[in-house]
Structure formats: structure tokens, C-alpha cells
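*Asks:* Sequence isn't available, so here's the structure alone:
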């Protein structure tokens, strides 16, 4: 996974229709600031790009942008960014059985008692998916769009 620095705030006028019948009013009284919705602790939040298919059954796909908060205390069932034997991973924290779980049945669970080093860097609070101008590295999405894979939603 690649860590990506936070850049500019995304501000959009409201309201925005989800259909084609009503255009977006550019003179709207209020604005939607995406950072206000997805970042609780700006000084301790970063973005990281997901890589691979290990979390796709949880809705995290290759090249999705993850919002990670370092101040949150990881709890059972949280999606976390962790360093496991020197490698960055995105997994589900299972505190009942002290293991890391993938969001894909093709990937086995990782028993934390069987690994050398393990640290949790932060909790994933949100994921952002591209629907246009998909990054080239998004191999799983391209397989889905071309219907080469049966594992696509």
C-alpha cells in the first residue's frame, strides 16, 4: 500500500440530485466539505491506497483510497492498517481469537501468536472508490469491468 499525503479540501455545492432531472445548483447556500465528514482528527489522519483483493467482500477494492485515523483505539471488528513482519496490511481485527482476518474467503486468517512483529498503525474509518478515471493499478476493477472474473459485485 502507498501512503498518500492529504492535499486540498474537497468542497461541493449542495444540493446535488442523484438523477439527471435536476442540475446541481452552483449558488447553493451551504457546501459539502468531504473532510468534515470523513476526518475526525486532522492531525492524526492520513490516506492510504488499498492494493489487492484481500478486502473486496467488505467493499474495499484495489486502488480504493482509505482514510486512516491513528487516534482511535482499535476495537474488535475494526478494519485496521497494521505492520505485520515489516509489511503493511489492511485487515479486520479479531480480538476474540487474536487474529487478523481478510475480507476475502480466498485469504486465510493470520494468528497473531504466530507472527514475529505486529503493530497497528490506525483504524480505517472510510473508503473512497473511484467511478471515473480509474487508476491504472486497479487490476481487479478492470477484470470486473471486462467480466473476466466471477468474483465481482
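*Replies:* Looks like it arrived, so ask away. The model shown is predicted, which means the values in this text are computed figures rather than measured ones.
*Asks:* Sheet-wise, list the partners of the host helix or strand of residue 125 with their directions.
*Replies:* For residue 125, the element it lies in under DSSP states H and E is strand 118-128. Using DSSP bridges, strand 118-128 pairs in its sheet with strand 65-69 (antiparallel), strand 79-84 (antiparallel).
*Asks:* With residue 118 as the reference, name the closest of the ones you listed.
*Replies:* Of all the strands paired with strand 118-128, strand 79-84 sits nearest to residue 118, with 5.5 Å by C-beta to C-beta. All C-beta spots, glycine's among them, are computed from the backbone N, C-alpha and C.
*Asks:* before we move on, the earlier item: let's have the strands paired with strand 118-128 in JSON lines, adding distance to residue 119, mean neighbour count and mean pLDDT.
*Replies:* Listed next are the strands paired with strand 118-128 as JSON lines, based on distance: least, C-beta to C-beta, whole Å; neighbours: other C-beta atoms under 10 Å; pLDDT from 0 to 100:
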{"stretch": "strand 65-69", "distance to residue 119": "13", "mean neighbour count": "20", "mean pLDDT": "95"}
{"stretch": "strand 79-84", "distance to residue 119": "5", "mean neighbour count": "19", "mean pLDDT": "96"}
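*Asks:* so what's residue 91 up against?
*Replies:* 54, 55, 79, 80, 82, 100, 101, 102, 110 (C-beta atoms under 8 Å, 6 or more residues apart in numbering).
*Asks:* Is it possible to get JSON lines of those that adds distance to residue 34?
*Replies:* Formatted as JSON lines, those follow (distance: C-beta to C-beta, whole Å):
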{"residue": "54", "distance to residue 34": "26"}
{"residue": "55", "distance to residue 34": "22"}
{"residue": "79", "distance to residue 34": "19"}
{"residue": "80", "distance to residue 34": "22"}
{"residue": "82", "distance to residue 34": "26"}
{"residue": "100", "distance to residue 34": "29"}
{"residue": "101", "distance to residue 34": "29"}
{"residue": "102", "distance to residue 34": "28"}
{"residue": "110", "distance to residue 34": "33"}
